[in-house]
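Asker: Based on what follows, work out the 3D shape:
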Amino acid sequence: MTRVGTGSTAGQKSEQIRSYIENKDRKGERSIAVAQAGIASFLLCLHIITGLKNGWHSINEWMILCLIVINIFSIARYQATRRRKVHPGFFNTLTVFDGLVFLGLIMTYSVAYDIPMVSNLKATSVVFLFVFIALRALKTDPLSVIVAGLTVALGWALQVLYLIAVSDDLIITKSYSEYLISHSLLIGAEVEKIVGFLTLTIIIGLGVARARKLLIDSAQIGDLIKERDMIKKLASTDTLTGLVNREEFRRRLDQALAVVGLSSSQPALMLIDLDEFKSINDTRGHPAGDKVLKVVGQRLAELFGSKDVVARLGGDEFAIIVSDYQSRENLEALSLKIRSEINKTILPRTLNAVVDTSIGIAIAPTDWVTADYLMSNADIALYESKRLGRGKFTFYREDFRQKIREDKKVENELKIALKHNQLKVVYQPKVCLRTNRINSVEALIRWDHPIMGMLGPGYFLPVAEQSSLINEIGRVVLENVCELILRCRREGLEIDRFAINVAAREFMADNNYFDNLMSTLSQRQIPANKIELEITEQVLLDKRTESVFDTFMNLREKGVYISLDDFGTGYASLMHLSKCPIHAIKLDKSFISGINKNKEDTAIVSSITRMAKEMALDVTAEGVETLEQFDFVRNAGCDFVQGYYIAKPLSEDALIEFVYDNVTTRMRAVG
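Answerer: Have a look, this model is predicted:
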């Protein structure tokens, strides 16, 4: 996946341009070195061939030495370009030496062939030195041209001064055409050549300077273009995953919907949310969470074609525009494939993060529709997926809107209820069948609605579990239970345990549940063995089963009694039971109500009870309402019984009175 950076700083850009120019100059220096070495080697070969033909006495040692020195300097120049760092003046120093050696070579040439010394100042030598200066144009540094030009001009001037000093045939004026065939030294002509060297130097130097500026400008323009493209991409790309971001996604959704009805294609929108992603950030840290988001984004991108659009809208929410979904079955297959790919372990085995997803799907109608409306439909479908228990995919239906409005109304009223203490805790006793005494009570939540009266948990808990309200309700129940424990202690009533129902979302969303529970009990000096936690099978089926089991083990070691509620109605397997450190299971009341009415329920109760005994688990039968049911579960081997046959849920005062009456009755029976 492509990641977008934030661009270079001004200092970094300047450094990049400087490095770019340096690389160009290094290549130019290599070319100069190769050209000079080529010229020197060519002349050297000519002289060797001449020596072989005319005899070695015809070779001038000084001339050979000059050519060898030029080659040595060229090799040194070439090798220097391969070094990472070279002093800026090194190459210019070499240029000075090169120029002097070239001038020496010209003078040596005239001496070697016994040509009058003034002849070395003729046009052939001038062209040779012009080439020497022009070679510096292979670089982008005008200083190199200036150094070469000044070296040649000054060297030539020194030669002229020397020849003036030794020449017997000094002519001040003469035509240039006569000068070319003359063996005499003409001052005016030599001054013209020096001016020519300097003029050439200025022209080439200005050209090189201009070329250097153009290179810098082009590099800066290229950088600006890259920066513009980067900014443009940054504005449309999520920097973490490399996917399309929310703004760009909205633009493309508008484009896709603009042609609805004008073509045969019909787009569909899928909103994807990672279930319980917050717990990964909280338990493993944000770097681990970012890693999960990157991998999820990559897997989603690999699942869809180039015509589809995959985006990260923010947080743990992704969206997909399926350009032409073909059929509803095709979208169902895509949803299953998405869940299958994302469910694969993402983080290393040491972290073992497995992620599940909820998906909401909205199909664009065949007529005109806005992006806002379609996204709203997909969002409503996503909400329904989460309400159904997460790890689901749901297609939008129009009746979902009404359900959401109703849930929102309940949620808002529930917030008011929490603020005004309208939630009440009632308690239902459990009887131990071995001792016939009330050994524990289960705390149950009720809503004393100012208009609708007393409402059961089925009315508001499903809504609360979709938000953080479930955590607040859990704290209300725990506070009330702690107060009841302290009251029973003061009044001398012996109740072994007080059971609290813990919703799956409440337990899994609060990564500090263990610490918070222990802290609350410690502050009130309540031993942990007074608490019983009733969990549902959904907790066992969470993808973080290992960490959940670790928490259970810590709770058990502290003395907390753990029961698996509504056993038999979910999907918990025997493997989960064998690994999970629970103390008891509670048979769901749907099985109890069928006792002696159908053979299946009767057989199930008997089989589960036998299995639990073999696993050293206690068994509680809940929902016992008749004497017939009571006798059956007693004979089947259940340890505890709970239901209307024993007592309905009672207020705190009524419970105290009920327990006191039960103790008094038992004492009379003993007496």
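Asker: which parts of the helix or strand harbouring residue 310 are buried?
Answerer: Per DSSP states H and E: residue 310 is located in strand 309-314. Residues 309, 310, 311, 312, 313 are the ones in strand 309-314 that count as buried (16 or more other Cβ atoms under 10 Å). In short, each C-beta sits where N, CA and C put it, glycine included.
Asker: Check the gap between the third one and residue 374 for me.
Answerer: Just to be clear, that refers to residue 311. Relative to residue 374, residue 311 is positioned 14 Å away (Cβ to Cβ, to the nearest Å).
Asker: sorry, back to before: how about CSV for the buried residues of strand 309-314, with pLDDT and distance to residue 327 added?
Answerer: Below are these laid out as CSV (pLDDT from 0 to 100; distance: Cβ to Cβ, whole Å):
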residue, pLDDT, distance to residue 327
309, 92, 20
310, 93, 21
311, 93, 23
312, 92, 27
313, 90, 26
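Asker: Quick check: of those residues, which lies closest to residue 447?
Answerer: residue 313 (34.9 Å; Cβ to Cβ).
Asker: With adjacent residues omitted, what lies nearest to the closest one?
Answerer: residue 246 (4.8 Å; Cβ to Cβ, 6 or more residues apart in numbering).
Asker: just to revisit the earlier point, including distance to residue 479, could the buried residues of strand 309-314 go into CSV?
Answerer: Formatted as CSV, those follow (distance: Cβ to Cβ, whole Å):
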residue, distance to residue 479
309, 49
310, 46
311, 44
312, 40
313, 38
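Asker: Could you tell me how many residues sit around residue 631?
Answerer: If you count neighbours by other Cβ atoms under 10 Å, residue 631 ends up with 13.
Asker: Helix or strand for it, just tell me which one.
Answerer: Element membership of residue 631 [criterion: DSSP H and E] is helix 627-636.
Asker: could you point out which element follows that helix?
Answerer: Scanning forward in sequence from helix 627-636 by DSSP H and E, the next helix or strand is strand 640-642.
Asker: In the protein, what helix or strand scores lowest on average pLDDT?
Answerer: helix 176-181 (a mean of 48; mean pLDDT, DSSP states H and E).
Asker: Just the buried residues of the helix or strand that contains residue 79, please?
Answerer: Following DSSP H and E, the helix or strand that holds residue 79 is helix 61-80. For helix 61-80, burial by neighbour count (16+ other Cβ under 10 Å) applies to 63, 64, 66, 67, 69, 70, 71, 73, 74, 77, 78, 80.
Asker: Rebuild those as JSON lines, extending it with distance to residue 46 and pLDDT.
Answerer: Supplementary listing: the buried residues of helix 61-80 in JSON lines, determined by distance: Cβ to Cβ, whole Å; pLDDT from 0 to 100:
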{"residue": "63", "distance to residue 46": "11", "pLDDT": "76"}
{"residue": "64", "distance to residue 46": "11", "pLDDT": "81"}
{"residue": "66", "distance to residue 46": "14", "pLDDT": "82"}
{"residue": "67", "distance to residue 46": "10", "pLDDT": "81"}
{"residue": "69", "distance to residue 46": "17", "pLDDT": "87"}
{"residue": "70", "distance to residue 46": "14", "pLDDT": "84"}
{"residue": "71", "distance to residue 46": "14", "pLDDT": "85"}
{"residue": "73", "distance to residue 46": "20", "pLDDT": "86"}
{"residue": "74", "distance to residue 46": "17", "pLDDT": "85"}
{"residue": "77", "distance to residue 46": "23", "pLDDT": "85"}
{"residue": "78", "distance to residue 46": "23", "pLDDT": "86"}
{"residue": "80", "distance to residue 46": "28", "pLDDT": "85"}
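Asker: How many neighbouring residues does the residue nearest to residue 442 when sequence neighbours are not counted have?
Answerer: Closest residue to residue 442 apart from its sequence neighbours, by Cβ to Cβ, 6+ apart: residue 499 at 4.1 Å. By the criterion of other Cβ under 10 Å, residue 499 has 24 neighbours.
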